[in-house]
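**Q** Sequence and predicted structure, then a few things I'm wondering about:
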Amino acid sequence: MLVGMIKLSTKAHQWVNGLGALLFPPVCLFCKQPLSADALFSDSDGSAFDPANTAGLCCSACVQAIHIWSHQCCVRCGTGLPAAMSPGPCGHCLTHPPAQAETYSLYDYHGPVRDALLEWKLQGREAAVRWLLQAAMPRLSEMIKSDDLLLPVPMPISRMRQHGQHHAANMCHWLADEIACDWDWRVLRRIGEQPRQSALSGSARRKNLRKAFALAADYGQRWRQKSSSSISVWIVDDILTTGSTLHFAAKTSLRLGMTVKVLSLARTSYKG
Ligand SMILES: [Zn+2]
Ligand SMILES: [Zn+2]
């Protein structure tokens, strides 16, 4: 009887799904084109980037257009390097290393990745960005340990009011849920209001950011049990451009007594 009911329920479920697909055919999260079974990307090359790890709502053309940030890079600042020079340090880090010990970016800020981030930030639609994170989860689960702590780069209050959300904090929340690690948006604080970084040149960005961050007064109490150089604190942001913001956020976070690393969903090739 139970088996019969399960069979009936499965058939009904399949029928409803089939009807749903007919009325609302699935579309690619990135280009919004209807997905046909043959265009659906379901193959995995076994690398750290695994589109098959996701719900599969991305067409193969968009998957091909997503550029993964090269793994051959300077481990300190994350800049791409020729294979023979990887993992660095690069020439710049030999003389001017950033505050963080390691820097990782998942994607090049380009094509569908750029579109997904703009759609998230300007229209509040997060599905494509969540797909990108999910696709990178095999690599992220290797990089981030369950003892680690994720801290979003704090956003000026005025910009949080304007957008109604804190994008880096959302990223930390999603990652922490997947990896089962801690995250805390209250530890690293933004002080005062600064002009938008994108409106400034490279040297003006650094000057603007020098005193922009602080640790919350009670951070020691909150994370004392974690303070150890064997545990990493990850400063998380959605887009890395010149790296100045993350450098100064990392510099302030060194006072937590943990190894400080940086993670961005995407990175531009812009040099400030
Ligand atoms: Zn597409
Ligand atoms: Zn470097």
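**A** Sure thing, it's come through. Ligands and ions are numbered 1, 2, ... in the order given.
**Q** Quick check: buried residues in stretch 100-120?
**A** By 16 or more other CB atoms under 10 Å, the buried positions in stretch 100-120 come out as 100-109, 111-113, 115-117, 119-120. All C-beta spots, glycine's among them, are computed from the backbone N, C-alpha and C.
**Q** Averaged pLDDT, it. What do you get?
**A** Averaging pLDDT along stretch 100-120 gives 96.
**Q** just stretch 222-238 next, same as before
**A** For stretch 222-238, the mean per-residue pLDDT is 82.
**Q** returning to that earlier point: and ligand 2, which of the buried residues of stretch 100-120 reach it?
**A** Filtering the buried residues of stretch 100-120 for proximity to ligand 2 by CB under 5 Å from the ion leaves nothing.
**Q** Inside strands: which ones of these?
**A** 102-108 (DSSP state E).
**Q** following the one helix or strand residue 169 maps to, which helix or strand shows up next?
**A** Secondary structure assigned from DSSP states H and E places residue 169 in helix 167-179. Towards the C-terminus, the helix or strand next in line after helix 167-179, according to DSSP H and E, is strand 182-183.
**Q** Direction included, what does that next one pair against?
**A** Here strand 182-183 has these sheet partners by DSSP bridges: strand 149-152 (parallel).
**Q** What residues sit buried inside the partner strand?
**A** Residues of strand 149-152 classed as buried under the neighbour-count rule (16+ other CB under 10 Å) are 149-152.
**Q** try stretch 61-70
**A** For stretch 61-70, burial by neighbour count (16+ other CB under 10 Å) applies to 62-63, 66, 68-69.
**Q** And for stretch 151-170?
**A** By neighbour count, and taking 16+ other CB under 10 Å as the criterion, the buried residues in stretch 151-170 are 151-156, 166-170.
**Q** which residues of the chain fall in helices?
**A** Taking DSSP state H, the helices of the chain run over residues 2-23, 60-65, 91-95, 111-123, 127-135, 137-143, 157-163, 167-179, 202-209, 219-223, 244-253.
**Q** so which of those comes closest to ligand 1?
**A** Each of the helices of the chain was scored for nearness to ligand 1 using CB to the ion, and the closest is helix 60-65 (3.3 Å).
**Q** Show me what the closest one is packed up against.
**A** Taking 3 or more CB pairs under 8 Å, 6 or more residues apart in numbering; DSSP states H and E as contact, the helices and strands that helix 60-65 lies on are helix 111-123.
**Q** roughly how far out does the helix it packs on sit from the chain middle?
**A** Counting by CA atoms, centre = their mean, to the nearest Å, helix 111-123 is centred 13 Å from the centre of its parent chain.
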